[in-house]
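Peer 1: sequence? don't have it. structure:
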């Protein structure tokens, strides 16, 4: 029988494996953009979808941590933002910060983007 923390570690490992797969798919699509510029829009859509999946996977990991370790989940309309704030702080005698304050600041900036596709297009052209 495993402990709740062992189960948490297993679930996080599973999420990390999924993040690795999503990263591989996005990188493959990025290479295809260079090789097949006439089909670039399709590959950009693929990259955007995989980036969204990557972010969602990170968010699931953060949710697992706050649910299992902190035992204090954010709620309400701004729960996504509150989750990032919570996970960026040390919980004294419980856990260290999971992401840096710099990551939190970058996340706030990316939330202002109109869409993942817009962000990728901007990245491609600059």
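Peer 2: Cool, the structure landed. Since the model is a prediction, treat every value here as computed from it, not as a measurement. Residues are numbered from 1 along each chain as shown.
Peer 1: Residue 83: what secondary structure?
Peer 2: Counting by DSSP: H, G, I helix; E, B strand; the rest coil, the backbone at residue 83 sits in helix.
Peer 1: tell me the contacts of it?
Peer 2: By Cβ atoms under 8 Å, 6 or more residues apart in numbering, the residues touching residue 83 are 59, 62, 63, 66, 73, 74. Heads up, the C-betas are built off the backbone N, CA and C, glycines and all.
Peer 1: Adding pLDDT, write these out as JSON lines.
Peer 2: Shown next, in JSON lines, are these (pLDDT from 0 to 100):
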{"residue": "59", "pLDDT": "91"}
{"residue": "62", "pLDDT": "92"}
{"residue": "63", "pLDDT": "94"}
{"residue": "66", "pLDDT": "94"}
{"residue": "73", "pLDDT": "93"}
{"residue": "74", "pLDDT": "93"}
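Peer 1: Can you select the buried ones among those for me in PyMOL?
Peer 2: Buried residues within the contacts of residue 83, by 16 or more other Cβ atoms under 10 Å, are selected in PyMOL with:
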select buried, resi 62+66+74
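Peer 1: Now secondary structure and distance to residue 45 too, for the contacts of residue 83, in JSON lines please.
Peer 2: Output for these, formatted as JSON lines (DSSP: H, G, I helix; E, B strand; the rest coil; distance: Cβ to Cβ, whole Å):
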{"residue": "59", "secondary structure": "helix", "distance to residue 45": "21"}
{"residue": "62", "secondary structure": "helix", "distance to residue 45": "26"}
{"residue": "63", "secondary structure": "helix", "distance to residue 45": "27"}
{"residue": "66", "secondary structure": "helix", "distance to residue 45": "32"}
{"residue": "73", "secondary structure": "coil", "distance to residue 45": "32"}
{"residue": "74", "secondary structure": "coil", "distance to residue 45": "31"}
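Peer 1: Of the contacts of residue 83, which is the nearest to residue 103?
Peer 2: residue 62 (11.0 Å; Cβ to Cβ).
Peer 1: ok now do that closest one, which residues does it touch?
Peer 2: Counting by Cβ under 8 Å, 6+ apart, residue 62 touches 83, 84, 87, 98, 99.
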